[in-house]
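[1] For reference, the sequence and a predicted model appear below.
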Amino acid sequence: MQDKTDPYGPTASEILSPIRATGAAFAQDLAQAFYDGLRAHAGPDDVVNHIDRADFWRIQGHNPIGSILDPGLKPHMLRNNAVEAGRGLAFIGIESAALITSFDRLLQLVSQRIAELPAAEDGHAGLRQLLTARLVAILSGFVAGQRQILKEHQHAVAAVIRLVETSTSLSNVAHALLDILVSLSGMAAATIARPDANGVFHYEAIAGKTRSTHNGADIVGDLTPRLREGSEDLISRAWRSGHTQCCFLIAADPTLAPWHTLAAELGYASCAAIPVLGTDGKPQSVLSLYHEAPGYFLTPDRTVLLDRLRSLLSATLRQLSTGGSSVLQGTRLDYRERLAQGDLVLLYQPVIDLRNGRLCKVEALARLRTSDGALVPPADFLGTFDPRELRQLFTIGLRQALTDLRQWEQEGLVTSVSVNLPPQAFSDPEYAEIARAALSAHPIDPRRLTMELLETTEIEARRDPVAALSHWRALGIRLAQDDLGSGYSSLLRMERLAVDEVKIDQGLVRSAAHNPRRALHFIYHLTRLLHDLGISVVVEGLETVGLIEAAAVLGADAGQGYAVSRPIKATALRPWAQAFRFTACHEGPTTALGAYATLLLHDTLVGLLEARSELPKPAISEPAALAAYIGTSRFQGTTLEEAFKTWQAVATQGVNSPSYQVARSAVENALCEQIQREETSAGTGG
């Protein structure tokens, strides 16, 4: 029998009937809310803040949100449209954090609209489940499309690295490089040009679907770049400045007016010019790229890509000119010798339960001890090992971690351990057998062992990623997604692989001191989403007490970082566990970050309850939860205290009143200033 809540089944039309009359307007509202959510999350320089809604959806190619109320919607069509739109989102630099925040808005809007419908016996549960399922499918498709673009960039960079490492001719590098770059989605053309004695640029290589038209039109139209006084084309500017030059939208750039018609004919929306520097540090040629999407080269990911290309090409030019080499073969051999001799050292970073401040597990971190006694991190030695040596590294590390786990238990300390699972483990069945043998040799509850899935393309590349993990599931261990936020595939994984735990990337957390709103909003919305999926949340990078407190207030389950403990030896863990104390902030926040996290919770409560007219205004508007922090003596007479008092005074006017909004913003601004003071002091040991 078909489940009545099947979002695509024959009963979908009946389930959608209560909202059919306003369906078209509601779908438009959802699309507008998504667009507005992305803009609200974006910074002033982000691409999405410089394009209107029509251009935004044109770049995506599809608007899957607009079809969410279609009773005949097919899952494969929704998925395909969402993936295609996700690729467009990647073109303009939309991040996973922005997607999560915007989709949280959509879910809230769905709840609000359903609450406005006439009462139903089941409370419209079927409608809520249908719309939520379709929205989650769209989110998954968006992330999958973004991941496709990210994988393209990763593969392109890897191909460029292989090219420059093996080439002996600059000419071969130039032509092969352009072929790699124009293989990227939306990359219409790429050129390499060099000026002659008269300052006229000549193309040494051109690639892309517009190759012949580009060169011919340039010459016929007298648009060939040249170094003459007053010339403003990107190639000339890059050559003169020695720095990469980017154009957001060619058609809107007055300095590129002579090229507007040509760019429109060839489908060029944005472009970039990257100078390639010689041994003297001066430009020797200019690499130019042309893309179909506006702002493509101005997103953070593309800025990194352009910088990487410039560095690689400039280094290649210098190397082929001087015959130098950067391969340190002696170091590689030393690392391999250290591994063969068993010189592997495990350090452990404690992870605490944020609800009670107690140790709940440790993360095992591998180091190689060199002949001079130094400890080398994985980033330095992993790339030097072949597949056999990587299996050996995993074997030694896992067995040592389980041995230490048993030793701690014998000393009266019962905890768990996390071990990183290398990408090769998904294509090499020997890894699962290694783990099975290790667990057999060390009789412990398998749930006390967590394998952390690192950011990789290996697992998503498999046709059935869930089946790829079946061998690991059969062992009874826990699976964790490591470094959520470091790649677009992360959100896709948590839905498809049903991991037990997700670790929020420390890079996102560390930005809290400078941008608390973005960082804490991300943690909060992501934690809510993961908890709805039954997944626990671990926050990495907790380097101050304020960060620990904020993560706890926002509902994260566990955390780790230097404010908890640096990585320590196995023998130091039990004394550390006995001495460490962190009192969860049940009595109210004690730091500015904790207070800001409380403010976020307050805002959410207000948003949910504001529509309930039967509740008294003070019950939903007065920010009493912050009083424990702001009411301490150290804030007497400060801007923060005055702003808080003003906020309390206007609370009865309702959250939509101008006075309330101004007062609330003043409290937020004062809190942000206090956060910077506290976090800066904590970071410097003050």
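    All right, it came through fine. If you're wondering where the values come from, they're calculated on a predicted model, not measured in any experiment.
[2] Heading C-terminal from the longest helix seen in the chain, find the next helix or strand.
    Longest helix in the chain, counting residues (DSSP state H): helix 125-166. Helices and strands here follow DSSP states H and E; after helix 125-166, the next one along the chain is helix 170-181.
[3] where are the low-confidence patches of the stretch 251-400 of the chain?
    Along the stretch 251-400 of the chain, the parts satisfying pLDDT under 70 run over 318-333, 383-384.
[4] rerun that using 90 as the cut-off
    Across the stretch 251-400 of the chain, the ranges flagged by pLDDT under 90 are 251-267, 276-285, 298-342, 356, 370-374, 376-390.
[5] count of residues packed around Leu184?
    The number of residues packed near Leu184 is 17, by other CB atoms under 10 Å. Every residue, glycine included, has its C-beta placed from N, CA and C.
[6] Return the distance of it relative to Arg308.
    Leu184 sits 13 Å away from Arg308, taking CB to CB, to the nearest Å as the criterion.
[7] Likewise for Ser416?
    Distance from Ser416 to Arg308, counting by CB to CB: 38 Å.
[8] Next: Val553.
    Taking CB to CB, one finds Val553 at 38 Å from Arg308.
[9] Give me the more crowded residue out of the two.
    Legend: neighbour count by other CB under 10 Å for Val553 and Arg308, higher for Val553 (27 against 15).
[10] The more buried one contacts Ala592, doesn't it?
    No - counting by CB atoms under 8 Å, Val553 stays clear of Ala592, with 11.9 Å between them.
[11] Is the closest residue to Gly208 other than its chain neighbours part of a helix or strand, or is it coil?
    Leaving out its chain neighbours, the residue that sits closest to Gly208 by CB to CB, 6 or more residues apart in numbering is Ala189, at 3.3 Å. What DSSP: H, G, I helix; E, B strand; the rest coil gives for Ala189 is strand.
[12] Ala189: neighbour count?
    Number of residues near Ala189 (other CB under 10 Å) recorded here: 24.
[13] Same check on the one 3 residues further on?
    Neighbour count for Ile192, taken as other CB under 10 Å: 24.
[14] Just confirm it is within a strand.
    Yes - residue state for Ile192 (three-state DSSP) corresponds to a strand.
[15] is it true that it touches Ala176?
    No - counting by CB under 8 Å, Ile192 does not reach Ala176; the two are 11.4 Å apart.
[16] where's the nearest residue to Gly93 once chain neighbours are set aside relative to Ala98, distance?
    Spatial nearest neighbour of Gly93, excluding adjacent residues (CB to CB, 6+ apart): Thr299 at 2.7 Å. When distance is defined by CB to CB, Thr299 is 12 Å away from Ala98.
[17] in the stretch 51-200 of the chain, which segments are predicted with low confidence?
    In the stretch 51-200 of the chain (pLDDT under 90), the answer is 51-63, 66-73, 92-133, 136, 140, 143, 146-147, 150-151, 153-178, 191-200.
[18] Assumed Ala97 was part of a helix.
    Yes - assessed with three-state DSSP, Ala97 lies in a helix.
[19] Please list all residues in contact with it.
    Neighbouring residues of Ala97 by CB atoms under 8 Å, 6 or more residues apart in numbering: 41, 485, 508, 518, 521-522, 526.
[20] what about it, distance to Ser67?
    Separation of Ala97 from Ser67 (CB to CB) stands at 25 Å.
[21] can you check Leu530 too?
    Noted for Leu530: a distance of 27 Å to Ser67, by CB to CB.
[22] Please apply the same query to Asp233.
    In terms of CB to CB, Asp233 sits 43 Å off from Ser67.
[23] In terms of neighbours, single out the busier of these two.
    Between Asp233 and Ser67, Asp233 has the larger neighbour count (other CB under 10 Å), namely 23 against 18.
[24] ok, the more buried one touching Trp259?
    Yes - in this structure, Asp233 is within contact of Trp259 by CB under 8 Å, at 7.0 Å.
[25] Assign a three-state SS to Ala556, would you?
    Per three-state DSSP, Ala556 ends up coil.
[26] Tell me how many other residues crowd it.
    Neighbours around Ala556, by other CB under 10 Å: 25.
[27] Isn't it up against Gly541?
    No - judged on CB under 8 Å, Ala556 makes no contact with Gly541 at a distance of 11.9 Å.
[28] Tell me how far the closest residue to Ala551 other than its chain neighbours lies from Thr590.
    Leaving out its chain neighbours, the residue that sits closest to Ala551 by CB to CB, 6+ apart is Val539, at 4.3 Å. Here the criterion is CB to CB. By it, Val539 lies 18 Å from Thr590.
[29] Equivalent analysis for Met451, please.
    Distance of Met451 to Thr590, computed by CB to CB: 36 Å.
[30] Can you report how many residues lie near Thr652?
    13.
[31] Quick one: classify it as helix, strand or coil.
    Three-state assignment for Thr652 (three-state DSSP): helix.
[32] Might you report the residue contacts of the nearest residue to Lys282 once chain neighbours are set aside?
    Here the nearest residue to Lys282 in space, its sequence neighbours aside, is Gly242; by CB to CB, 6+ apart that works out to 7.0 Å. Gly242 sits next to 275, 277, 281-283 when contact means CB under 8 Å, 6+ apart.
[33] Gly186 against Tyr296, yeah?
    Yes - using CB under 8 Å, Gly186 is in contact with Tyr296, at 7.0 Å.
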